[in-house]
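> quick check, what structure comes out for this input:
(one chain, ligands or ions: 1)
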Amino acid sequence: MSENWNWAASDGSAPSKIDLRTDIPHPARMYDFYLGGKDNFAADRAAAARVVELLPSAPAGSRANRRFLGRAVRHAAGLGIRQFLDIGTGIPASNNTHEVAQAAAPDSHVVYVDNDPIVLAHARALLTSAPEGRTAYIDADFNDPESIIGAQQTKDLIDFSRPVALLVVALLHFLPDSADPAAVLDRYKEVLAPGSALILTHGTGELMDPEVAAAISSTYTQAGLNIVSRTRAQVQRFFDGFDLVEPGVVPVHEWRPEAEEDFAMTREEIAGYAGVALRRG
Ligand SMILES: C[S@@+](CC[C@H](N)C(=O)[O-])C[C@H]1O[C@@H](n2cnc3c(N)ncnc32)[C@H](O)[C@@H]1O
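Sure, this is the predicted structure:
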């Protein structure tokens, strides 16, 4: 069974019908479930519940990932960055990139990109910009950089001659090595001006019991989803050519923690690495 939903296009054009395939799990909706959201369906909840059985800290880890996103965006804003390109946006949740960036600097511009129809269906919630700033949403695939870099919304909101924060948070583990995510990422890095930031998290099974990691991986595979665990060294390679800011690539909750929950988490509970790096001047 699948379900058609009405949605209003983010540019205000006439509603269309899109097929959300609610009968199969989607990563954006599983993540929404972990975060306690309501934009998920039985198939998403069943797959996510199997992961939670194996790794009870999965929801806490997702919240830690979300808090990292907030800290990293504030860090970039603190460096004077006012332009954000957030690829793999996800279903709107609390503290979306533009809310964090514009709380620090109301004139911030944020371009969101995702390829999942359910994220598109919720894009309106991402377009609530502060009057001084601007936000836009592009329905596009990370693997097609030209469609994102060259999109009219990007041209309107982002001046690539000035620093940009590029966010690829909890995205690259959905891309197998055969898609060469590092090479695709390089294309984005090429167009970023000196002083730009790369903000990235990536799933890993390296920090947990290997049997649990293997069981989680096969749960995703059985659900028809490919998720690639990468080691810290492999994640670090995504930052090549940029200078990592302290503390480098670390378990997500260890990147400049602020909240009690981050200090309370253990490495075995977290399934991801995080880092922020800057393009040399
Ligand atoms: C786990 S969510 C992360 C959401 C948000 N970045 C965060 O960390 O809170 C991953 C998102 O990446 C999106 N995604 C997966 N593959 C993608 C691709 N090839 N191009 C664009 N978005 C993609 C999914 O649709 C999903 O919304």
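> return the residues in contact with the residue in the stretch 1-150 of the chain positioned nearest to the ligand.
Taking C-beta to the nearest ligand atom, the ligand has its nearest neighbour within the stretch 1-150 of the chain at residue 90, 2.6 Å off. No exception for glycine: its C-beta is placed from N, CA and C like everyone else's. Listed by C-beta atoms under 8 Å, 6 or more residues apart in numbering, the contact set of residue 90 reads 28, 31-32, 114, 119, 170.
> swap in residue 243?
Counting by C-beta under 8 Å, 6+ apart, residue 243 makes contact with 277-280.
> try it again with 7 Å
For residue 243, the contact set (C-beta atoms under 7 Å, 6 or more residues apart in numbering) comprises 277-278, 280.
> out of those, list just those in helices.
Cross-referencing the contacts of residue 243 with the helices (criterion: DSSP state H) gives no overlap at all.
> which one among those sits at the bottom for pLDDT?
Confidence by pLDDT is poorest for residue 280 among those, given 88.
> and residue 209, how many neighbours?
When counting by other C-beta atoms under 10 Å, one arrives at 12 neighbours for residue 209.
> of the contacts of residue 90, which belong to strands?
When these are checked against strands using DSSP state E, the ones located there are residue 114.
> for the ligand, tell me which of the contacts of residue 90 show up nearby.
The residues of these that also fall near the ligand, by C-beta under 6 Å from any ligand atom, are 28, 31, 114, 119, 170.
> for the first one, which non-adjacent residue is closest in space?
Leaving aside its chain neighbours, residue 28 sits nearest to residue 116 (4.6 Å; criterion: C-beta to C-beta, 6 or more residues apart in numbering).
> also the third one?
Nearest in space to residue 114, with sequence neighbours left out and distances taken as C-beta to C-beta, 6+ apart, is residue 89 at 4.5 Å.
> who touches that neighbour in this structure?
Counting by C-beta under 7 Å, 6+ apart, residue 89 makes contact with 112-114, 119, 126.
> gap between the residue of the stretch 1-150 of the chain closest to the ligand and residue 115?
Distance of residue 90 to residue 115, computed by C-beta to C-beta, to the nearest Å: 11 Å.
> on that earlier part again, does the residue nearest to residue 114 sit in a helix, a strand or a coil?
Judged by DSSP: H, G, I helix; E, B strand; the rest coil, the three-state class of residue 89 is coil.
> for it, what are phi and psi?
Reported as degrees, to the nearest 10, the phi and psi values for residue 89 are phi -60, psi -40.
> for the residue most central in space within the chain, what are its contacts?
Per C-alpha atoms, centre = their mean, the C-alpha nearest to the average position across the chain is that of residue 169, at 3.1 Å. Going by C-beta under 7 Å, 6+ apart, residue 169 touches 65, 69, 88, 199-201.
> now swap in residue 273 and tell me
Taking C-beta under 7 Å, 6+ apart as the criterion, residue 273 is in contact with 201-202, 204, 232, 235, 249-252.
> give the closest residue to it in space, chain neighbours not counted.
residue 235 (4.6 Å).
> on that earlier part again, got the ones next to the ligand among the contacts of residue 90 as CSV, with distance to residue 193 columns?
Below are the ones next to the ligand among the contacts of residue 90 laid out as CSV (distance: C-beta to C-beta, whole Å):
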residue, distance to residue 193
28, 30
31, 31
114, 24
119, 28
170, 25
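> so which pair among the residues you listed is furthest apart in space?
Maximum pairwise distance in these, criterion C-beta to C-beta, is 12.9 Å, between 119 and 170.
> now residue 110. Nearest residue, chain neighbours left out?
residue 98 is the one closest to residue 110 (C-beta to C-beta, 6+ apart), at 4.0 Å.
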